[in-house]
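Chemist: Using only what follows, build the 3D model:
(one chain, ligands or ions: 1)
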Amino acid sequence: MRVAVAADHGGFVLKQRALDEVRSLGHEPLDCGGVGDAGDDYPDFVRAVGEAMTTGRAERGIVICGSGVGASFAACKIPGIRAAVCHDTYSAHQGVEHDNMNVLCLGGRIVGEELAAELIRAFLGARFTGLDRFVRRLRKVDAIEEEFRSHQ
Ligand code: RB5
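Modeler: Below is the predicted model:
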């Protein structure tokens, strides 16, 4: 599958390893930046990954910032993106299997290269099961957004 990968300065060191890991798993990485500029901002890279995914250039995304936190909530602002920080392998695959997670967020200041590579393997190796109860829960997640948008 095609996988969009991006990182701000906090995640830049891990980005090359992430690209290499995606490729070594037989997937096609799409480098959406950055270049390690200390003044860059993680939402810009989340946006680039979101654009790649919403225009069909990538099926999944990996965004790396310092902690993974900012990237995860920025990515969840994009319709159709289900993103989370996963620093354990169980969450990295179960988030896909149960919750149809399509963007993995990593903290470049939290995880080392080898753990990051394992997390990417777990994430890309997983598929959404599509079981009724998981679909039902995702619909409820979407309904929360709709409901609270109409309150504003
Ligand atoms: C950048 O210094 C840092 O704040 C950012 O990468 C990230 O950790 C935000 O969640």
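
Chemist: Not counting its neighbours along the chain, what's nearest Phe128?
Modeler: Leaving aside its chain neighbours, Phe128 sits nearest to Asn100 (4.3 Å; criterion: Cβ to Cβ, 6 or more residues apart in numbering). In short, each C-beta sits where N, CA and C put it, glycine included.

Chemist: What does the most centrally placed residue in the chain show for phi and psi?
Modeler: By Cα atoms, centre = their mean, the mean C-alpha position of the chain lies nearest to Val103, the distance being 2.2 Å. Dihedral pair for Val103: phi -130, psi 130, per degrees, to the nearest 10.

Chemist: heads up, I number from 194, so please use that
Modeler: Renumbered: residue one is now 194, and that last one reads Val296.

Chemist: That one contacts Phe238, doesn't it?
Modeler: No - in this structure Val296 lies outside contact range of Phe238 using Cβ atoms under 8 Å: 11.4 Å.

Chemist: between those two, what contacts are shared?
Modeler: Counting by Cβ atoms under 8 Å, 6 or more residues apart in numbering, the shared contacts of Val296 and Phe238 are Val256.
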